[in-house]
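Chemist: I need the structure of the sequence given here:
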Amino acid sequence: MNCYFFVPGFSEKYRTGGLMVIKDVAGIVEKKSEYCSKFVTTHESCTDALSPEQACREANSDSLFFVTWGPLVSAHIKLIRKNIPDARIIYYAQSFGWNIKVPPRIPIICVSRFVMSQWALYAPENYCAYIAPPLHSIFKMTNQTRDIDVLIHKRKQNSYCLNHLLPALQKENLNIEIIDEWISQENFAALLNRTKVFLYATELHKAGLFRRLPGEGFGLPALEALACGAIVGSNLLGGVTDFLTPGENCIKLQNGDLHSDVTSIRDAAHAFAVNEKAAHEIAEEYSFNAASEKWTRALGTLSKM
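Modeler: Residues are numbered from 1 along each chain as shown. From the prediction side, this is the model:
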């Protein structure tokens with residue numbers, strides 16, 4: 001059975017965490033003997049991908065179409081249905097908003113319980129399920145020396161974190177590492193294994209020209225930090241609430257109470273001790289094997305619908 005994953009393209013213009021997640025899902029599906037994953041690019045030509053016209057020509061009644069790209073989901077559904085009116089389509093929802101209209105017969109597989117709750121509200125007639133993005137095995141503890149007190153990746157962080165909290169922390173006796181560019185997963189995992197506190201205080205998530213949503217769909221970097229044994233400092237917006245718990249693996253940032261936030265982060269860094277058991281458990285819970293089992297069950301259920 002051919003499974004077609006619709007994405008805009010693979011060039012640097014479209015390089016995001018969301019695209020990496022879709023590649024991983026396609027890889028999981030590909031490993032199942034009865035499925036063959038193929039990518040379809042709608043906004044640029046790629047040597048390793050099909051055009052929508054090519055995909056629609058070779059598809060048959062058993063084929064599955066996966067639409068995934070928030071701003072383009074509705075357009076992709078219309079394009080597929082125009083060519084194959086009775087096409088079997090799955091929406092893998094990494095967010096909500098974007099003025100997406102999902103017809104009732106299209107199942108929605110959600111990356112987080114946060115996203116699933118929104119789609120259950122706005123698309124009550126659709127089948128919904130929850131399958132988190134798989135966590136790469138590279139994100140695991142390697143028992144390195146924790147010489148970085150605070151690590152922050154500037155991308156997606158809110159203005160309070162960047163313009164107030166970070167400067168205040170830099171006045172403390174803390175070793176702070178700042179990432180301000182796209183880095184490889186290998187380099188990111190190595191940094192996380194040297195880190196005590198990883199800051200992840202996101203902006204309200206953009207979902208269209210004028211709309212802001214209460215947090216992004218999942219927050220994979222925060223999960224990767226936990227698997228590497230770090231504590232996460234977060235404002236707890238969006239899908240991170242699936243796996244972050246203040247007092248256990250997370251510092252709840254107040255987004256305004258600067259003295260309290262600085263004190264909490266400084267104290268956590270100074271008193272840091274790795275919870276190996278918790279890191280191993282989170283890595284297992286979100287592993288490729290766990291995701292594969294969930295996709296097997298979901299695809300089995302959908303095949304009977």
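Chemist: Centre of the chain to whichever strand or helix holds residue 290, how far?
Modeler: For residue 290, the enclosing helix or strand under DSSP states H and E is helix 288-303. When distances are taken as C-alpha atoms, centre = their mean, to the nearest Å, helix 288-303 is centred 18 Å away from the chain's centroid.
Chemist: Now do the helices in the stretch 51-200 of the chain.
Modeler: 52-58, 73-83, 113-122, 159-160, 166-169, 185-192 (DSSP state H, counting those that start in this stretch).
Chemist: Could you pull up the residues touching residue 251?
Modeler: Shown in contact with residue 251 (C-beta atoms under 8 Å, 6 or more residues apart in numbering): 197, 231, 232, 233, 234, 261, 264, 265, 268. C-beta: built from backbone N, CA, C; applies to glycine.
Chemist: Quick one: low-confidence residue ranges for the stretch 101-250 of the chain.
Modeler: 205-214 (pLDDT under 70).
Chemist: What are the boundaries of the strands in it?
Modeler: 108-110, 128-130, 148-153, 176-179, 195-200, 205-206, 212-213, 231-234, 250-252 (DSSP state E, counting those that start in this stretch).
Chemist: re earlier: take the contacts of residue 251 and lay them out in JSON lines including distance to residue 66.
Modeler: JSON lines is the format used below for these (distance: C-beta to C-beta, whole Å):
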{"residue": "197", "distance to residue 66": "36"}
{"residue": "231", "distance to residue 66": "35"}
{"residue": "232", "distance to residue 66": "30"}
{"residue": "233", "distance to residue 66": "34"}
{"residue": "234", "distance to residue 66": "30"}
{"residue": "261", "distance to residue 66": "40"}
{"residue": "264", "distance to residue 66": "41"}
{"residue": "265", "distance to residue 66": "40"}
{"residue": "268", "distance to residue 66": "40"}
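Chemist: So which of the residues you listed is the closest to residue 296?
Modeler: Distances from residue 296 to the contacts of residue 251, taken as C-beta to C-beta, are shortest for residue 232 (30.2 Å).
Chemist: That closest one contacts residue 200, correct?
Modeler: Yes: at 5.5 Å, residue 232 and residue 200 qualify as touching, with contact defined as C-beta atoms under 8 Å.
Chemist: so what's in contact with the two at the same time?
Modeler: The overlap between the contact sets of residue 232 and residue 200 (C-beta under 8 Å, 6+ apart) consists of 222, 225, 240.
Chemist: with those residues in mind, which one is nearest to residue 105?
Modeler: residue 240 (31.4 Å).
Chemist: From residue 113, how far out is the closest one?
Modeler: 11 Å (C-beta to C-beta, to the nearest Å).
Chemist: how about stretch 127-147: buried residues?
Modeler: By 16 or more other C-beta atoms under 10 Å, the buried positions in stretch 127-147 come out as 127-136, 139-141, 146.
Chemist: distance between the ends of that stretch?
Modeler: Taking C-alpha to C-alpha, to the nearest Å, stretch 127-147 runs 47 Å from one end to the other.
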